[in-house]
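K.L.:
for reference, the sequence and a predicted model appear below.
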Amino acid sequence: MTVTLDLEASTSDAPTRRALSNLSLAVAKCKKIVVVTGAGISCSCGIPDFRSSDGLYALVKQQYPDVVMKGRDLFDASLFRDPTSTAVFYTFISQLKKSIDVASPSPTHRFIKTLDSKKKLLRSYTQNIDGLEERAGLIGTASQDVKSHGKGKAKIKTKEVRNVQLHGDIHRVRCTFCSADFPCTQEYLDNFLTGTPPDCPECAARSSARVARSARALKVGTLRPAIVLYDEPHPLGDDIGNIHSADIARKPDMLIIMGTSLKVHGFKKLVKDFARAVHESAPSPAASAASPLKKNAKSFAGKVIFVNKTAPGSEWDNIIDYHVVGETDRWVEKVIDDWKKARPADWEVQKTLIATGESSTSGTFHVAKEITNTIGLKSKAKE
């Protein structure tokens with residue numbers, strides 16, 4: 001049975017306020033939290049809505065007035081079957097990336113980073129392609145920093161991945177022929193804006209080298225955004241599957257789901273797998289009843305929290321423990337506020353002092369490092 005807690009009601013309803021405070025304390029107590037997110041956590045970042053009258057798709061329709069496509073069609077792999085729908089897709093992605101490039105991470109993105117900084121995040125998984133998690137400090141699966149480049153296919157260094165990008169990254173492009181991937185440059189964006197994909201530089205270089213040796217030219221592939229569409233396999237599918245299995249084996253003690261409608265089949269399976277693992281880590285009712293006054297980390301373990309403005313479907317009744325109704329930004333800010341009040345020691349500034357000057361002089365030190373509260377602005381080290 002899912003318990004519904006309305007953020008709006010918390011200001012006037014004492015039981016709701018207490019329940020939300022208990023959830024905040026549960027977050028503070030747990031040590032292996034899995035966070036899964038969808039588009040709702042980026043709504044406050046300034047990225048235009050796809051479907052509104054002044055949204056991105058409306059702008060694309062001005063360029064292609066005779067094309068009949070739904071918003072969802074722009075993310076379906078079948079669009080590549082038709083040159084016109086492919087051109088619309090490239091133009092749309094170009095407009096979308098321009099909006100993302102000027103966006104900033106939301107309080108929710110920074111909250112996930114705070115969990116990581118506090119050594120409480122097992123891993124973050126996201127449906128989003130905007131890369132705002134990396135801008136908040138969480139290295140993603142699309143980052144070159146987590147790939148080991150040797151002979152053959154690059155492998156993901158699992159331990160360094162803090163955010164799994166389930167649908168790819170709009171900031172990169174990949175070749176439709178050789179699968180080489182590159183940063184999405186302004187030159188490539190300009191091509192996409194006209195509905196035309198640029199040639200793959202790696203394919204072109206190999207072909208030119210052959211022609212220079214008087215050999216036959218090779219096929220040159222084109223570049224496309226390195227995002228994963230509906231009904232399309234993920235290029236890093238095996239790596240992501242391994243990360244997922246490894247995280248299940250590590251027995252997560254909390255699952256936080258934010259800003260998603262939980263409609264995509266593959267994503268639903270991932271969430272259910274984690275929810276099952278989290279519930280298995282929960283303390284037995286007998287163990288909790290044995291010491292009702294002693295609230296340690298284990299007594300708070302095993303909760304699945306869903307934060308979204310709309311309710312989950314009935315299929316989630318025995319999976320989601322709490323539905324927090326409201327904006328994700330508002331909830332995470334409440335969690336941090338409650339956390340600071342309940343466990344102030346977790347937020348004490350820890351300073352590293354480094355000696356300056358000659359050893360013969362009286363000890364002079366300056367602050368080299370301070371712990372960071374990533375929900376707000378990072379405080380500057382004071383001399």
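P.N.:
Received it, and whenever you're ready, just let me know what you need. Note that this is a predicted model, so its numbers are computed, not measured.
K.L.:
what distance separates stretch 251-264 from the centre of its chain?
P.N.:
Distance, stretch centre to chain centre, for stretch 251-264: 11 Å (C-alpha atoms, centre = their mean, to the nearest Å).
K.L.:
again, but for stretch 99-115
P.N.:
With C-alpha atoms, centre = their mean, you get 9 Å for stretch 99-115.
K.L.:
what are the buried residues along that stretch?
P.N.:
If you call a residue buried by 16 or more other C-beta atoms under 10 Å, then stretch 99-115 has these buried ones: 100, 103, 105-115. (C-beta placed from N, C-alpha, C; glycine too.)
K.L.:
then stretch 79-86?
P.N.:
By neighbour count on 16+ other C-beta under 10 Å, the buried set for stretch 79-86 is 79, 85-86.
K.L.:
any idea which of these is closest to residue 283?
P.N.:
Minimum distance to residue 283 across these is 48.8 Å, recorded for residue 79 (C-beta to C-beta).
K.L.:
the strands in the stretch 201-350 of the chain, which residues?
P.N.:
For the stretch 201-350 of the chain, the strands defined by DSSP state E, counting those that start in this stretch cover 223-227, 254-258, 303-308, 322-325.
K.L.:
will you turn the ones you listed into TSV that also has distance to residue 276, mean pLDDT and mean neighbour count?
P.N.:
As requested, those are arranged in TSV below (distance: least, C-beta to C-beta, whole Å; pLDDT from 0 to 100; neighbours: other C-beta atoms under 10 Å):
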stretch	distance to residue 276	mean pLDDT	mean neighbour count
strand 223-227	29	97	24
strand 254-258	10	98	27
strand 303-308	10	96	24
strand 322-325	17	96	20
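K.L.:
ok so, going back, which one among the buried residues of stretch 99-115 gets closest to residue 269?
P.N.:
Closest approach between these and residue 269, by C-beta to C-beta: residue 112, at 21.8 Å.
K.L.:
A helix includes that closest one, no?
P.N.:
Yes: Residue 112 sits within a helix when classified using DSSP: H, G, I helix; E, B strand; the rest coil.
K.L.:
residues contacting it?
P.N.:
Residues near residue 112 by C-beta atoms under 8 Å, 6 or more residues apart in numbering: 35, 37, 121, 124, 133, 136, 138, 163.
K.L.:
distance check, the residue lying closest to the fifth one once chain neighbours are set aside against residue 304.
P.N.:
What it means is residue 133. Closest residue to residue 133 apart from its sequence neighbours, by C-beta to C-beta, 6 or more residues apart in numbering: residue 163 at 4.3 Å. Residue 163 sits 20 Å away from residue 304, going by C-beta to C-beta, to the nearest Å.
K.L.:
so residue 147 makes contact with residue 155?
P.N.:
Yes: in this structure, residue 147 is within contact of residue 155 by C-beta atoms under 8 Å, at 7.0 Å.
K.L.:
contacts for the lengthiest helix in the chain, please.
P.N.:
Counting by DSSP state H, the longest helix found in the chain is helix 83-101. Residues from elsewhere that reach helix 83-101 (C-beta under 8 Å, 6+ apart): 46-48, 56-57, 59-60, 63-64, 67, 69, 73-74, 79-80, 130-132, 170-171, 184, 189-197, 224-225, 227.
K.L.:
please pick the buried ones from the residues you listed.
P.N.:
Of the contacts of helix 83-101, these count as buried by 16+ other C-beta under 10 Å: 47-48, 56-57, 60, 64, 69, 73-74, 79, 130-132, 170-171, 184, 189, 191-193, 195, 197, 224-225, 227.
K.L.:
so where does residue 104 fall, helix or strand?
P.N.:
Counting by DSSP states H and E, there is no helix or strand that carries residue 104.
K.L.:
now do the contacts for it.
P.N.:
Counted by C-beta under 8 Å, 6+ apart, residue 104 has contacts 45-46, 132, 135.
K.L.:
got it, and residue 158?
P.N.:
Counted by C-beta under 8 Å, 6+ apart, residue 158 has contacts 239, 242-243, 246.
K.L.:
just the ones of those in helices?
P.N.:
Among these, DSSP H puts 239, 242-243, 246 in helices.
K.L.:
what ranges of the stretch 51-200 of the chain fall below the confidence cut-off?
P.N.:
51-57, 59, 149-154 (pLDDT under 70).
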